[in-house]
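[1] I would like the atomic coordinates for the input below:
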Amino acid sequence: MNSLENYLGRVLSADLGKLILRVALGFLMIFHGYKKAMFGISGIEALVVKSGFPAFLAYGVYLGEIIVPLLIIIGLYTRISSLIFAVTMGFAIYLVHFSDLLQINDKTGGLVIELPLLYMLCAIALMFIGAGKYSIDKK
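    Numbering: from 1, shown residues only. Below is the predicted model:
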């Protein structure tokens with residue numbers, strides 16, 4: 001088993017792993033942003049206002065779910081983009097799932113906030129590790 005681990009360590013690279021993380025994180029989030037771009041953000045705006053924030057903050061969803069994921073995919077301003085992405089997910093957890101923070105999903109056995117939490121933690125990890133050599137940041 002140790003020889004397999006050594007072989008994989010020589011063949012695989014951290015930079016390729018960073019690329020996969022960036023593309024997966026950005027690509028999967030763009031679907032959420034696309035839906036909002038096509039159908040509007042009135043639901044998010046209502047949640048923002050109900051929570052006591054100004055309505056214009058709802059438009060940040062376009063930044064956090066479309067623009068920033070594209071920047072992460074291409075590896076441009078990756079650490080800053082990842083920070084904005086993580087804040088977006090934290091805000092989403094607060095607005096939509098604050099009362100469910102430690103609730104278990106009956107169907108899956110996981111946390112109700114599992115998906116936005118996973119997005120947020122991956123963005124935080126990317127903020128620490130950077131984009132890697134397969135990025136515009138590196139050039």
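
[2] pLDDT below threshold where in this structure?
    Low-confidence segments of the chain, defined by pLDDT under 70, span residues 1, 139.

[3] nearest residue to V96 in space, please, no chain neighbours.
    Across the structure, with CB to CB, 6 or more residues apart in numbering as the measure, the residue nearest V96 apart from its sequence neighbours is L47 (6.7 Å). For the C-beta atoms, the positions are set from N, CA and C on the backbone; glycine is no exception.

[4] so what's the one you found up against?
    When contacts are counted by CB atoms under 8 Å, 6 or more residues apart in numbering, L47 is found next to A58, L95, V96.

[5] of those residues, which belong to helices?
    Where these overlap with helices, as defined by DSSP state H, the overlap consists of L95, V96.

[6] so the residue nearest the centre of the chain is in which element?
    Centroid-nearest residue in the chain, with CA atoms, centre = their mean: Y119, separated by 3.9 Å. Using DSSP states H and E, the secondary-structure element containing Y119 is helix 114-129.

[7] part of a strand, is V49?
    No: according to DSSP: H, G, I helix; E, B strand; the rest coil, V49 belongs to no strand; its state is helix.

[8] longest helix of this protein, counting residues only.
    Identified as the longest helix of the chain according to DSSP H is helix 14-39.

[9] pull the distance from that one to the chain's centre.
    On the basis of CA atoms, centre = their mean, to the nearest Å, the separation between the geometric centre of helix 14-39 and that of its chain is 7 Å.

[10] so F56, which of the three states?
    Following three-state DSSP, the label given to F56 is helix.

[11] just checking, what packs against the longest helix of the chain?
    helix 60-62, helix 68-74, helix 78-97, helix 114-129 (3 or more CB pairs under 8 Å, 6 or more residues apart in numbering; DSSP states H and E).

[12] okay, angle between that helix and helix 114-129 too, please.
    Comparing the axes of helix 14-39 and helix 114-129 via axes from the mean of the first three to the mean of the last three CA atoms, to 10 degrees yields an angle of 130 degrees.
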